[in-house]
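Colleague: following is a predicted model, sequence given first.
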Amino acid sequence: MGNCGSTEDNPVVSHAQEKHSRSVSDLSDHHSTPRNLDDSGKNSLLYTHVIAFTLFELETITKSFRSDYILGEGGFGTVYKGYIDENVRVGLKSLPVAVKVLNKEGFQGHREWLTEVNFLGQLRHPNLVKLIGHCCEDDHRLLVYEFMFRGSLENHLFRKATVPLSWATRMMIALGAAKGLAFLHNAERPVIYRDFKTSNILLDSDYTAKLSDFGLAKAGPQGDETHVSTRVMGTYGYAAPEYVMTGHLTARSDVYSFGVVLLELLTGRKSVDKTRPSKEQSLVDWARPKLNDKRKLLQIIDPRLENQYSVRAAQKACSLAYYCLSQNPKARPLMSDVVETLEPLQDSSGGTSEVSSSTKNLSVGSGGPFAKAGMSDYRMQHRFANKVGAGAVCRSPNPNCSPGGPAACRVR
């Protein structure tokens, strides 16, 4: 079996990179996480609830990784469906699983594997996908997750053959994903997810949203640190502009990415779509100015959602997206504020009459997108400013972001 330890044993981060980012072994608190995966014993439980599988066992449950067992493929590798039970190992609960086989890309593949094991091995939340087990043999790196029956949010939003998600389901998914991010940001050692996008939000049979793929996650800044400096990674169209430009990562970088996903849920459009006219190819550039315009915000809502939501609910959701997508990171809400704003929207009627096609052509009235919701733009902005503005006491550990030189964003 290969050495599956931390970067102290496998130099997956070059000396130059270590100057600007933490090693993988430092991703979590030393009181709760082994410094070296081998410290907990090879082929045994890494944590009390994570199983160390053998490669043979995972070959068995995927029928030697048969092509018709493939659930999806991406830059990280291939995901297969499998089924574990007592025939695989005595004492195992019968359970459908998803087995991710990471690409053999040398140290990078190992690092992302180790990052996922370190984070999901100790983090448990209803809106995070559950890591059931892992495998590390020779140059093979595999992860075993709970099986998510409805697949990714990306497929449900953008595949033409699927039935459009309802307004109520979209708001439920937005809330679940927000709760997952809020949990990470408010952990004892805050975690920055760094790759929040529709393809990484998986849905169970009840459309409960769960965050998956923690290969790019980073431990947040500590003490007097205002940010984590790191090589720019993520997905074009979702990454926060200040992170792309500087490599300075904060929890507010995730908030921006959440705003992009919320915008996709509201409009039914992709974050980047080269098939559209040039001015509409970037969803944020096209939609954000309209989110704060009382005459235009209802016109960008996915037309497939007509008659499913109230004016008030649409206004609140659009205004939330507007603030999440602020160019200034300090102007973005905390994810706990996002959760608080989304919770009342779980009642799709929003407390007002349903929108009709004729309503969309009428002026919403003065006062901006929160006027009919009983909250003016000023009050909403003032509320967020009190929490995130300069000189205020922030509940987020390190919300600041400093300017710096440009950097390229890796597309995954």
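Modeller: Cool, got the structure.
Colleague: quick one: low-confidence parts of the protein?
Modeller: Residue ranges of the chain with pLDDT under 70: 1-48, 75, 105-109, 220, 223-230, 234, 348-412.
Colleague: would you mind giving the domain segments of it?
Modeller: Per automatic domain parsing, the domain ranges recorded for the chain read 15-146, 153-388.
Colleague: adding mean neighbour count, write those domains out as TSV.
Modeller: All C-beta spots, glycine's among them, are computed from the backbone N, C-alpha and C. Conversion of these to TSV gives the following (neighbours: other C-beta atoms under 10 Å):
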stretch	mean neighbour count
domain 15-146	17
domain 153-388	19
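Colleague: which residue ranges of this structure form strands?
Modeller: According to DSSP state E, the chain carries its strands in the segments 51-52, 70-74, 77-84, 95-102, 131-137, 140-146, 191-192, 201-203, 209-211, 218-219, 228-229, 248-249.
Colleague: what packs against the second one?
Modeller: Using 3 or more C-beta pairs under 8 Å, 6 or more residues apart in numbering; DSSP states H and E, the elements in contact with strand 70-74 are strand 77-84.
Colleague: what strands flank the strand it packs on, and is each parallel or antiparallel?
Modeller: When pairs are called by DSSP bridges, strand 77-84 turns out to pair with strand 70-74 (antiparallel), strand 95-102 (antiparallel).
Colleague: redo those strands as TSV? Include distance to residue 64.
Modeller: TSV is the format used below for the strands paired with strand 77-84 (distance: least, C-beta to C-beta, whole Å):
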stretch	distance to residue 64
strand 70-74	13
strand 95-102	12
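Colleague: for residue 157, find the nearest of those strands.
Modeller: With respect to residue 157, and counting by C-beta to C-beta, the nearest of these is strand 70-74 at 15.3 Å.
Colleague: in this structure, which spans are helices?
Modeller: Assigned by DSSP state H, the chain shows helices spanning 15-18, 55-61, 107-120, 153-158, 167-185, 241-246, 251-267, 283-291, 311-324, 335-342, 377-388.
Colleague: closest one to residue 217 among those helices?
Modeller: helix 107-120 (5.3 Å).
Colleague: tilt between the closest one and strand 131-137?
Modeller: 150 degrees (axes from the mean of the first three to the mean of the last three C-alpha atoms, to 10 degrees).
Colleague: angle of helix 107-120 against strand 140-146?
Modeller: Using the same axes, to 10 degrees: helix 107-120 against strand 140-146 is 30 degrees.
Colleague: send me helix 107-120 as CSV with only the CA atoms.
Modeller: In CSV, the C-alpha atoms belonging to helix 107-120 read as follows (Å, rounded to 0.1, in the frame of the first residue of the first chain):
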residue,chain,number,x,y,z
PHE,A,107,0.9,15.1,-6.4
GLN,A,108,-2.1,17.3,-7.4
GLY,A,109,-4.5,14.3,-7.4
HIS,A,110,-3.1,13.1,-4.1
ARG,A,111,-3.4,16.5,-2.5
GLU,A,112,-7.1,16.9,-3.5
TRP,A,113,-7.8,13.4,-2.2
LEU,A,114,-6.1,14.1,1.1
THR,A,115,-7.9,17.5,1.4
GLU,A,116,-11.3,15.8,1.0
VAL,A,117,-10.4,13.1,3.5
ASN,A,118,-9.2,15.7,6.0
PHE,A,119,-12.3,17.8,5.8
LEU,A,120,-15.1,15.4,5.2
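Colleague: for it, name the packing helices and strands.
Modeller: Taking 3+ C-beta pairs under 8 Å, 6+ apart as contact, the helices and strands that helix 107-120 lies on are strand 95-102, strand 131-137, strand 140-146.
Colleague: could those be laid out in a markdown table, adding distance to residue 125?
Modeller: Below are the helices and strands packed on helix 107-120 laid out as a markdown table (distance: least, C-beta to C-beta, whole Å):
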| stretch | distance to residue 125 |
| --- | --- |
| strand 95-102 | 18 |
| strand 131-137 | 12 |
| strand 140-146 | 13 |
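Colleague: closest to residue 173 out of those strands?
Modeller: With C-beta to C-beta as the criterion, residue 173 lies closest to strand 140-146 of the helices and strands packed on helix 107-120, at 17.4 Å.
Colleague: what pairs with the closest one, and is each one parallel or antiparallel?
Modeller: Sheet partners assigned to strand 140-146 using DSSP bridges are listed as strand 95-102 (antiparallel), strand 131-137 (antiparallel).
Colleague: need the contact partners of the shortest one.
Modeller: In other words, strand 131-137. 1-2, 4, 37, 46, 50-55, 57-58, 84, 95, 97, 113, 116-117, 120-121, 141-146 (C-beta atoms under 8 Å, 6 or more residues apart in numbering).
Colleague: go on, the longest one?
Modeller: Outside of strand 95-102, the residues within contact range by C-beta under 8 Å, 6+ apart are 58, 61-62, 65, 71, 76-85, 109, 112-113, 132, 140-148.
Colleague: one more time with 6 Å
Modeller: Under the contact criterion C-beta atoms under 6 Å, 6 or more residues apart in numbering, strand 95-102 has outside partners 58, 62, 71, 77-80, 82-84, 109, 113, 132, 141-145, 147.
Colleague: mind listing what residue 326 touches?
Modeller: Here residue 326 is in contact with residue 332 (C-beta under 6 Å, 6+ apart).
Colleague: could you measure from it over to residue 150?
Modeller: Applying C-beta to C-beta, to the nearest Å, the value for residue 326 to residue 150 is 32 Å.
Colleague: distance check, residue 177 against residue 129.
Modeller: 12 Å.
Colleague: same thing with residue 209?
Modeller: Taking C-beta to C-beta as the measure, residue 209 falls 10 Å from residue 129.
Colleague: what does residue 92 give?
Modeller: Distance, residue 92 to residue 129, by C-beta to C-beta: 19 Å.
Colleague: likewise residue 50?
Modeller: To residue 129, residue 50 is 13 Å away according to C-beta to C-beta.
Colleague: residue 56 now?
Modeller: From residue 56 to residue 129 the distance is 25 Å (C-beta to C-beta).
Colleague: and if you look at residue 84?
Modeller: 16 Å.
Colleague: for residue 174, give its distance to residue 264.
Modeller: Distance, residue 174 to residue 264, by C-beta to C-beta: 10 Å.
Colleague: and residue 189, by the same measure?
Modeller: Plainly put, residue 189 is 30 Å away from residue 264 if you go by C-beta to C-beta.
Colleague: what do you get for residue 187?
Modeller: For residue 187, the distance to residue 264 - C-beta to C-beta - is 26 Å.
Colleague: next one: residue 339
Modeller: Distance, residue 339 to residue 264, using C-beta to C-beta: 19 Å.
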